[in-house]
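Visitor: Prediction below, plus the sequence it came from.
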Amino acid sequence: KIDKLNFELARLRRWQFDAKTEAMTAAQRLLFAEALAEDEASLRAKLAELQRGLPEAPKTPKAPPRKPRRQALPAHLERVEHRHEPEDTHCPNADCRQPMQRIGEDVSEKLDIVPAKFFVHRHIYGKWACRCCQQLHQEPAEPDVVDGGIPAAGLVAHTLISRFVDHLPYYRQEPINARSGVHTPRSTLASWGGAGGASLGPLYELHRAFILGCRVLHADETPVPLLDPGAGKTKKAYVWAWARSHHDPHPGVIYEFCLGRG
């Protein structure tokens, strides 16, 4: 019954204050104002009478506010201990001054981070010559991701992960590296990314053959817009996901970019 009265009150308010498809003049509104006021007062009186007859709801005591519980720091992280002991371990009481005994300790742990640090690998290839037969011997240069370039494999991997996993564009990686005093233009970072992607090609083909060689294969397509600079618009391309069944003892998934469904 209370819900019904509340509904009637809401309908009266809507009729009185909401916008109408047919606007009424002030004189026309005065014709209904008195009836509306009486109806509203009657409904409010009935509602108050019903609410007085309701039993009082027992007040439930508020639960004490929960204190946030801090999660323990991961156990695999390196711990650097800082010992804090008083310089003088004798009783501070001037009348006593006896040596005190250590009865325990309180331990607090603070999480810290070392920002990315650049360092240089120096590869020194010794030259060895035979004075008798005039032969020169030297170890061959180690293969690298970027032939003749300055980045080691770790820096190339860091650049690729920052770009394609953490979604940091090259123009943002450039000032990040510059804060460490290393100048890496975005064009250079892009060429490193291309070389890193080409080096991962054989691994990708092996992974693709492993995925497609299963008995049950799941496929899913995701349309993506592809820039078409010559036409001045975008066209539809596809990223296909190929996945082995979750019942397979060796599950896996691989993604393939295609210009169409062919």
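Guide: Yep, that arrived. On a predicted model such as this, the values are computed, not experimentally measured, just so you know. Residues are numbered from 1 along each chain as shown.
Visitor: Show the subsequent helix or strand relative to whatever helix or strand residue 191 lives in.
Guide: Secondary structure from DSSP states H and E places residue 191 in helix 186-199. Counting by DSSP H and E, the element after helix 186-199 in chain order, helix or strand, is helix 201-212.
Visitor: if we look at that following helix, which residues are touching it?
Guide: Outside helix 201-212, the residues within contact range by Cβ atoms under 8 Å, 6 or more residues apart in numbering are 217, 242-244, 250, 252-254, 256. The C-beta positions use only the backbone N, C-alpha and C, and glycine is treated the same way.
Visitor: Output these as CSV; include the columns distance to residue 98.
Guide: As requested, the contacts of helix 201-212 are exported to CSV (distance: Cβ to Cβ, whole Å):
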residue, distance to residue 98
217, 80
242, 77
243, 73
244, 73
250, 69
252, 70
253, 70
254, 73
256, 78
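Visitor: if I pick the nearest residue to residue 253 once chain neighbours are set aside, what's in contact with it?
Guide: Leaving aside its chain neighbours, residue 253 sits nearest to residue 243 (4.2 Å; criterion: Cβ to Cβ, 6 or more residues apart in numbering). Applying Cβ under 8 Å, 6+ apart, we find residue 243 in contact with 211, 217-220, 251-254.
Visitor: Make JSON lines out of these and add neighbour count.
Guide: Supplementary listing: the contacts of residue 243 in JSON lines, determined by neighbours: other Cβ atoms under 10 Å:
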{"residue": "211", "neighbour count": "20"}
{"residue": "217", "neighbour count": "13"}
{"residue": "218", "neighbour count": "12"}
{"residue": "219", "neighbour count": "9"}
{"residue": "220", "neighbour count": "11"}
{"residue": "251", "neighbour count": "12"}
{"residue": "252", "neighbour count": "13"}
{"residue": "253", "neighbour count": "12"}
{"residue": "254", "neighbour count": "16"}
